[in-house]
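Visitor: predicted model and sequence below, questions to follow.
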There are 2 protein chains.
Amino acid sequence: MQQSSSAGNLADTLRRDLRHYSEGEKLPSNRALMERYQVSPVTVSRAIAVLVAEGAVTSRPGAGVFRVVPHAGPEPSGDVSWQEVALSAGSGSGSDSGPAAGSPRGPDASGLLATLATPPLDVIDLNGGYLHPSLQPERALAGALARAGRRPGTWDRPPVEGIADLRAWFARDIAGADGALAGADVLITAGGQSALTTALRSLTAPGAAVLVESPTYPGTLAVARAAGLRPVPVPVDADGVRTDLLEEAIHATRARVFVCQPLFQNPTGTTLSPERRLEVLRIARAAGAFVVEDDFARRLAHAGSSPLPQPLAAQDPDGVVVHIRSLTKATSPNLRVGALTARGPAMERLRASQVVDSFFVPRPLQETALELVGSPAWRSHLRALADTLRSRRDAMVTALRQELPDLLGERIPQGGYHLWLRLPAGADERALAATALRAGVAVTPGRPYFAAEPPAPYLRLSYISAANTDQLREGIRQLRRTIAEVCH
Amino acid sequence: MQQSSSAGNLADTLRRDLRHYSEGEKLPSNRALMERYQVSPVTVSRAIAVLVAEGAVTSRPGAGVFRVVPHAGPEPSGDVSWQEVALSAGSGSGSDSGPAAGSPRGPDASGLLATLATPPLDVIDLNGGYLHPSLQPERALAGALARAGRRPGTWDRPPVEGIADLRAWFARDIAGADGALAGADVLITAGGQSALTTALRSLTAPGAAVLVESPTYPGTLAVARAAGLRPVPVPVDADGVRTDLLEEAIHATRARVFVCQPLFQNPTGTTLSPERRLEVLRIARAAGAFVVEDDFARRLAHAGSSPLPQPLAAQDPDGVVVHIRSLTKATSPNLRVGALTARGPAMERLRASQVVDSFFVPRPLQETALELVGSPAWRSHLRALADTLRSRRDAMVTALRQELPDLLGERIPQGGYHLWLRLPAGADERALAATALRAGVAVTPGRPYFAAEPPAPYLRLSYISAANTDQLREGIRQLRRTIAEVCH
């Protein structure tokens, strides 16, 4: 580490100094550089290698190292304003198709970027969708990566569908050891978001309607819109999606896809009731539609929660369900390894779509995932995480009961990582979030969770992205002060 | 390694044996398992951990390990044939848009899957687009991965655009140390194919035309079609794309994007002439269109080749060029790390599109790439690769001159990894490829490289995917016999 960093520092220094050399001028000898900068010969040769790689110097064995002046291109004083026109153009009047389904203004990533952004260090983060670094199994990940790196064949080209052992593991993890899924029903993806993109892009055609829960994860809305789809919201109540409205919507829109999160739904935290599970499957089957089951929170069940219902994919004889599972949420945003399952010809469609988009998931990451889930550290991490999630949820709920009792709903989620607060009618959630951020607390406004106009203002509060429970309590206290300031 | 593999084997054995246990029945003690299977205590606990992770057994500390029988779902005896209807449906008659631009039959990955497939071991591979494993810098990659794994912060969430040092390295690598690009103009992507997907999806709208070279890389055609675009071919001659026809096509179609490979074009191997470089930039600028420069072969220049022209991106004051660079071709198919560059507002569009599709590239891979290109092994690998590419090309050209002199074109490429052979009129390239494969040689038919009807039958022969030059020679001899058999 030390060496690599010294070499980087030396390369930075030399790069600056190069300005004082003319084209073709010789640099001091390695020995001279060692003495001048008090570094080892290894550091000097690494730094030179960096500059050679950059094309800033050239090395002629036996002769020395010489400055290279790159051919000067035209000055970057040009005019890029034409791009505004190009980027606003739709499908072009020269096109032979009808009105373009895709938005000519590009995908709306604002909702996602807001939750992917890392807030400043002094801000209490009640906004993020990933585990705080202190909750991530960093040692287990490092160990898994190191073991994966030593496996023979780790750099061999993987099958485009993913490596067989990992596909088999996901099949068992999702549907049980003797369950309805085999490894062949699993496509390894680069995390949950990629899986959602592949599922929506391949099971629909631009211009179609796609049914989504309301409220729902903004990433689902963004993927649907980027694919040129029309998201149609179906309201969620305390038992999950309203199946009476689902049935109406599926007939009214002839949608072929319904996206749902039956377990600890984001943002409401609700779990689909047993009766409605069967209804969802029946309605989809009768309409000839797919249910994309985004099972993002399976590994975020809290200690002491009721036994979890099986995934819909485990109850699905006719291949209605396309299931999404990812390792990211319970580990690290960087372990972007997930699974997309399908039974029947849909799998071939998903596979072809992913190959065209991005070929396949790098094997070293797949091997790392396999090492992690096969290690003793995996189960102990999940157990510790379940305990932590419970105590963090309890800390936030207790603080809310003290500070803002009116905002807390009746049902407290037993899994996931957030609470969903209904604000007083007329409250300006965006102003509130902006004021809270200035006061040192990042929270998530509810608007991006709705495909259409929301019925009320909301806030989502995450309890996994802050550093500790003290911060959760302090964040809620500050939020109360902010609400008092903004809403009155 | 040994332990991990033993644990895997033991887990497999125990998983089979579990069938003979009833629900809740206790497994033999760890000691008994150690003795029965002659393995270490570590192996036993790892194997048990695997089974616990799968949910096949449960471990109660102090009591033992017990079989779990998963809740039986419905028998997977259902009927998935309804999917055929769902997958053939277009955007739906309930949709409010016009005819769907996207193909209702799904993306065509056949051309890509053909070159991504690994042929059987006894087949000479003249078809693949990746370096044979013996040419990949496996030790340097393993070292880079190990160093990346030890870096503090390797599992920290990266900025969505990529880590700053890697963006800066790509900017210098593409446009030179004092060049037209800064790190802020670079978006780190999950390899070249993903970059192409992001560029085409974000700079166009479904239904639009996109101009492509003819012939061109099948992955470009597949991405364009999957995005609902209409690829319009512009012929290539010995000096690269025909700029007179490019100008006509850009006006006739009002396309906003032209995709090209100015260096060692795939499949023809041609390099855009200096005059035409300027013409391409002028035509695009005048039409308000982007040039997507797929610089896939920059690191595949052969030893002894003429000095390489700069990328178009280095000669681009007005931000016309969106440049694609990837580390994959010169290293390993698994180092799926690339760069997409743009100057001006287009960068924000590309960034938003990638965030919605897949969030970001895992940091451990980005750090591995940075370690690799900063290591002394990088330059020495590239030098050795340039030598190998030259000798492999020479071996194949020599063999073709002996065996099939009529098929070889006049210009022999100085970079890339393949030769492009025009077959006699009327030759059935697909029958030829199929017969050659049965005779033990994998070659690539030319058809997938054309957006429309091809002017003649072609074959593409890769010289990087076979094991050695002997295989190249043997492959050409066999190809001559196959051609004699099929074409006469």
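Guide: Received the coordinates, thanks.
Visitor: only C-alpha atoms for contact and neighbour calcs from this point on.
Guide: Noted.
Visitor: just the strands in the stretch 251-400 of chain A please.
Guide: A:257-260, A:290-294, A:321-326, A:338-341 (DSSP state E, counting those that start in this stretch).
Visitor: of those strands, give the one that comes closest to chain B.
Guide: Nearest to chain B, of all the strands of the stretch 251-400 of chain A, is strand A:290-294, at 8.1 Å by Cα to the nearest Cα.
Visitor: residues in contact with the closest one?
Guide: Strand A:290-294 is contacted by residues A:196, A:199, A:256-262, A:281, A:284, A:312-313, A:320-325 when judged by Cα atoms under 8 Å, 6 or more residues apart in numbering or on different chains.
Visitor: related to what we said a few turns ago, now render the strands of the stretch 251-400 of chain A as CSV, adding mean pLDDT and mean neighbour count.
Guide: Listed next are the strands of the stretch 251-400 of chain A as CSV, based on pLDDT from 0 to 100; neighbours: other Cα atoms under 10 Å in any protein chain shown:
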stretch, mean pLDDT, mean neighbour count
strand A:257-260, 98, 25
strand A:290-294, 98, 26
strand A:321-326, 98, 27
strand A:338-341, 98, 28
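Visitor: could the ones you listed be laid out in JSON lines, adding distance to A:Trp378?
Guide: Shown next, in JSON lines, are these (distance: least, Cα to Cα, whole Å):
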{"stretch": "strand A:257-260", "distance to A:Trp378": "27"}
{"stretch": "strand A:290-294", "distance to A:Trp378": "22"}
{"stretch": "strand A:321-326", "distance to A:Trp378": "14"}
{"stretch": "strand A:338-341", "distance to A:Trp378": "16"}
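Visitor: can you list the low-confidence ranges for the stretch 1-150 of chain A?
Guide: Scanning the stretch 1-150 of chain A with the threshold set as pLDDT under 70 gives A:1-5, A:69-77, A:90-105.
Visitor: so what's A:Asn30 closest to, chain neighbours aside?
Guide: Once flanking residues are discounted, A:Asn30 sits nearest to A:Val44: 6.4 Å by Cα to Cα, 6 or more residues apart in numbering or on different chains.
Visitor: just confirm the one you found contacts A:Asn9, I think it does.
Guide: No - here A:Val44 does not reach A:Asn9: they are 10.4 Å apart, not a contact under Cα atoms under 8 Å.
Visitor: between these two, which is the more surrounded one?
Guide: Remark: of A:Val44 and A:Asn9, A:Val44 carries more neighbours, 25 against 14, as counted by other Cα atoms under 10 Å in any protein chain shown.
Visitor: could you report the neighbour count for the residue lying closest to A:Ala301 once chain neighbours are set aside?
Guide: Among residues not flanking A:Ala301 along the chain, A:Gly415 sits closest, at 4.0 Å (Cα to Cα, 6+ apart). Residues lying near A:Gly415 (other Cα under 10 Å) number 26.
Visitor: A:Gly415: what's it in contact with?
Guide: A:Phe264, A:Gly269, A:Ala297, A:Leu300, A:Ala301, A:His302, A:Ser305, A:Leu389.
Visitor: in helices, which of the residues you listed appear?
Guide: Among the contacts of A:Gly415, DSSP state H puts A:Leu389 in helices.
Visitor: and the stretch 201-350 of chain A, which residues reach chain B?
Guide: Residues of the stretch 201-350 of chain A lying close to chain B by Cα under 8 Å from any Cα of the partner chain are A:202-209, A:219, A:222-223, A:226, A:228, A:252-256, A:288-289, A:314-320, A:332-336, A:343-346, A:349.
Visitor: quick check: phi and psi at A:Ser214.
Guide: Main-chain dihedrals, A:Ser214, degrees, to the nearest 10: phi -140, psi 120.
Visitor: re the thing from before, are any of the residues of the stretch 201-350 of chain A next to chain B buried, and which?
Guide: Buried by 16 or more other Cα atoms under 10 Å in any protein chain shown: A:202-209, A:219, A:222-223, A:226, A:228, A:253-256, A:288-289, A:314-320, A:332-336, A:343-344, A:346, A:349, out of these.
Visitor: let's see which of those residues end up in helices.
Guide: A:Ser202, A:Leu203, A:Gly219, A:Ala222, A:Val223, A:Ala226, A:Thr253, A:Ala346, A:Arg349.
Visitor: ok, the first one touching A:Glu348?
Guide: So that's A:Ser202. No - with contacts counted by Cα under 8 Å, A:Ser202 stays clear of A:Glu348, the gap being 9.9 Å.
Visitor: outline the domain layout of chain A.
Guide: Following automatic domain parsing, one finds the domains of chain A at A:2-67, A:110-134+A:379-486, A:152-375.
Visitor: out of those domains, which is closest to B:Ala190?
Guide: Among the domains of chain A, domain A:152-375 comes nearest to B:Ala190, with 7.4 Å by Cα to Cα.
Visitor: chain B versus A:Asp12, what's the distance?
Guide: Distance of A:Asp12 to chain B, given as Cα to the nearest Cα, to the nearest Å: 11 Å.
Visitor: equivalent analysis for A:Pro445, please.
Guide: Counting by Cα to the nearest Cα, the separation of A:Pro445 from chain B is 19 Å.
Visitor: for A:Asp387, same thing?
Guide: 18 Å.
Visitor: which secondary structure element contains A:Val44?
Guide: If you go by DSSP states H and E, A:Val44 is part of helix A:41-54.
Visitor: run the chain-centre distance for that helix.
Guide: When distances are taken as Cα atoms, centre = their mean, to the nearest Å, helix A:41-54 is centred 36 Å away from the chain's centroid.
Visitor: which outside residues touch the helix or strand just after it?
Guide: Where DSSP H and E defines the elements, the next helix or strand beyond helix A:41-54 is strand A:57-60. Contacts of strand A:57-60 with the rest of the structure, by Cα under 8 Å, 6+ apart, involve A:Ile48, A:Leu51, A:Val52, A:Val65, A:Phe66, A:Arg67, A:Val68.
Visitor: could you pick out the longest strand of chain A?
Guide: strand A:230-237 (DSSP state E).
Visitor: name every strand pairing with it and say which way it goes.
Guide: In the sheet, strand A:230-237 lines up against strand A:209-214 (parallel), strand A:240-241 (antiparallel) (DSSP bridges).
Visitor: the longest one vs helix A:218-226, what angle?
Guide: Read it as strand A:209-214. Angle between the axes of strand A:209-214 and helix A:218-226 is 160 degrees (criterion: axes from the mean of the first three to the mean of the last three Cα atoms, to 10 degrees).
Visitor: give me the distance from strand A:209-214 to the chain's centre.
Guide: 20 Å.
Visitor: average pLDDT for that strand?
Guide: Averaging pLDDT along strand A:209-214 yields 98.
Visitor: any idea how far the residue nearest to A:Ala301 lies from A:Pro267?
Guide: Per Cα to Cα, to the nearest Å, A:Gly415 is found 11 Å from A:Pro267.
Visitor: cool, and A:Pro362?
Guide: On the measure of Cα to Cα, A:Pro362 and A:Pro267 end up 31 Å apart.
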